[in-house]
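[1] Quick one: sequence plus predicted model below, questions after.
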Amino acid sequence: MNTPRRSLAFVPLLVLAAAAAPADTDLRCATFSIVAHDPATGEWGVAVASKVLAVGAFVPWAEAEVGALATQAHTNPAYGRDGLILLGAGFTAGQVVEILTELDEESSYRQLGVVDTRGRAGAHTGDDADDWKGHLVGEGYCVQGNLLVGEEVVEAMAAAFEDAEGNLARRLLAALEAGDAAGGDSRGKQSAALLVVSERGGYQGVTDRLVDLRVDDDPEPVARLAELYTIWEPGTVLSHYLEAGEPALLEQALVIVDGLEHSELSDQQRAYAYNQAAWALAGMGLELDRAFELARAAHELLPEDANIIDTVAEVHFVSGDAAAAVEWERRALELDPDNAFFQEQLDKFSAALED
């Protein structure tokens, strides 16, 4: 898409009117946040924490293939809504910041961070926002905060984000944890949120919300948010990465799987994640030795789970051992004799064996 030249003529009048109007509610969201894009995985996200109830309800905004925003300080929620409309129309992050703040009579009290569809970042910190206030803009991200203990908070967040490994959610969490450790909000702690979007990344591919987690009221919200993500990741995130079938996402999926052995998940949660990864690898015909390891590890954890046994059979079949596939599939049917899919699997394996 060609980026339009910054001109108010390109902006829908309805958007201009909404952005120009000050927010009716005085949401004094003293907070620290990071907005970022990962071009390798096609994800945009926001992580935020504050000494305010349910910060995730109004600070983070994101839409896949469009961009992400954080609107805070004397928060104007219209920045989020209208900012995404402008980003979707092709305006850059810098242009969106300029348009929204120029049309808002109270922009001197606001703070805004934006990353656009191409990962360009822009930010605004009004002169009248509460000290300490400020922002940093880096490659593909921006960090901003107000009413913080000091500049060290945003500096620690930026450094942690740049040094962190893994997918965007993990890197955002690393930044948030660094900001928290550096002192964060000078008033204390209460809430935190993590929002990551990717095209068809939500449950069953219906939405783009790959991660949408909130801790609305907790004495250690950032730590609790990290715990929730640890539980969330092996399910929805892993499923999306495996089903997408893209090299960059498959690489991240295997990173997640590698970390399961030392996680605090239950045996059942770990087994299901191993099984899911083994089935996906077999379906793509990739890393079959790894698929065997994962399927067997899942079976050791839950030896009477028929679905896992079916996965072991499938991996054998894809690897060219139809006889072993038949043997394992018969075990699955013994545990679940009315399962029509298992019977189809057995028929398929048996036909291949006869051939």
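    Noted; the coordinates are in hand.
[2] Quick check: buried residues in stretch 213-225?
    Buried positions in stretch 213-225, judged by neighbour count with 16 or more other Cβ atoms under 10 Å: 213-215, 221-222, 225. Just so you know, the C-beta spots here come from the backbone N, C-alpha and C atoms, and that holds for glycine as well.
[3] Can you lay out those as JSON lines showing pLDDT and distance to Ala156?
    As requested, the buried residues of stretch 213-225 are exported to JSON lines (pLDDT from 0 to 100; distance: Cβ to Cβ, whole Å):
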{"residue": "Leu213", "pLDDT": "97", "distance to Ala156": "22"}
{"residue": "Arg214", "pLDDT": "97", "distance to Ala156": "23"}
{"residue": "Val215", "pLDDT": "97", "distance to Ala156": "20"}
{"residue": "Pro221", "pLDDT": "95", "distance to Ala156": "17"}
{"residue": "Val222", "pLDDT": "95", "distance to Ala156": "13"}
{"residue": "Leu225", "pLDDT": "96", "distance to Ala156": "17"}
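[4] so of those, which ones are in helices?
    Among the buried residues of stretch 213-225, the members falling in helices (DSSP state H) are 221-222, 225.
[5] before we move on, back to that, in JSON lines, list the buried residues of stretch 213-225 along with distance to Ala89.
    Below are the buried residues of stretch 213-225 laid out as JSON lines (distance: Cβ to Cβ, whole Å):
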{"residue": "Leu213", "distance to Ala89": "29"}
{"residue": "Arg214", "distance to Ala89": "29"}
{"residue": "Val215", "distance to Ala89": "33"}
{"residue": "Pro221", "distance to Ala89": "34"}
{"residue": "Val222", "distance to Ala89": "34"}
{"residue": "Leu225", "distance to Ala89": "32"}
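[6] Let me know the closest of those to Gly188.
    Pro221 (10.3 Å; Cβ to Cβ).
[7] For that closest one, which non-adjacent residue is closest in space?
    Ala192 (3.8 Å; Cβ to Cβ, 6 or more residues apart in numbering).
[8] Do you know the pLDDT at that neighbour?
    For Ala192, the model assigns a pLDDT of 96.
[9] Can you pull up the most central residue in this structure?
    Computing the C-alpha centroid of the chain and ranking residues by Cα atoms, centre = their mean puts Val196 first, at 3.1 Å.
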